[in-house]
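>>> just coords:
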């Protein structure tokens, strides 16, 4: 069973990072407000990035890592700008 880490862009321009075992269902839950928390009052949301993992632990580890990243690094991830991600990591800006 695959697991996913995902990044949402919210109406207030914030980002939300999460993980799930059913990406389509989870996004629908965020869109309808069925999940309390960060996205509830920041709709509409848009899925801007996701990655599949083999285990829940891998997806959770990716979620935790991305949550600690700067906005610039999250934007680089969305653009798949691996060079900038590496540069930001090396410069000490919120890995």
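It's in. Predicted model, so just to flag it, every value in this text is computed and none were measured.
>>> mind checking how far residue 83 is from residue 72?
Applying CB to CB, to the nearest Å, the value for residue 83 to residue 72 is 13 Å. Bear in mind the C-beta positions are built from the backbone N, C-alpha and C, glycine included.
>>> Quick check: pLDDT value at the nearest residue to residue 21 once chain neighbours are set aside.
With CB to CB, 6 or more residues apart in numbering as the criterion, residue 21 has its nearest non-adjacent residue at 5.2 Å, and that residue is residue 3. pLDDT, residue 3: 98.
>>> Neighbour count for residue 83 and residue 72, which is higher?
Applying other CB atoms under 10 Å to residue 83 and residue 72 shows that residue 72 carries more neighbours, namely 14 against 8.
>>> In which helix or strand does the closest residue to that one other than its chain neighbours reside?
Spatial nearest neighbour of residue 72, excluding adjacent residues (CB to CB, 6+ apart): residue 88 at 6.1 Å. Under the criterion of DSSP states H and E, residue 88 resides in helix 82-90.
>>> now do residue 36
Under DSSP H and E, no helix or strand contains residue 36.
>>> Show me what the top helix by length along the chain is in contact with.
In the chain, ranked by residue count with DSSP state H as the criterion, the top helix is helix 56-67. Applying CB atoms under 8 Å, 6 or more residues apart in numbering, the contact partners of helix 56-67 are 3-5, 7, 17-21, 51, 53, 74, 77, 95.
>>> Which of those sits closest to residue 27?
Here the nearest of the contacts of helix 56-67 to residue 27, counting by CB to CB, is residue 20; it sits at 8.6 Å.
>>> Quick check: that closest one vs residue 86, distance?
For residue 20, the distance to residue 86 (CB to CB) stands at 27 Å.
>>> for residue 37, same thing?
From residue 37 to residue 86 the distance is 31 Å (CB to CB).
>>> Now do the same contact list for the closest residue to residue 49 other than its chain neighbours.
Spatial nearest neighbour of residue 49, chain neighbours left out: residue 7 (4.1 Å); criterion: CB to CB, 6+ apart. Contact analysis of residue 7 by CB under 8 Å, 6+ apart lists 15, 16, 17, 47, 48, 49, 50, 66, 74, 77, 78.
>>> Sort out which of those residues are in helices and list them.
Cross-referencing the contacts of residue 7 against helices under DSSP H gives 66, 74, 77, 78.
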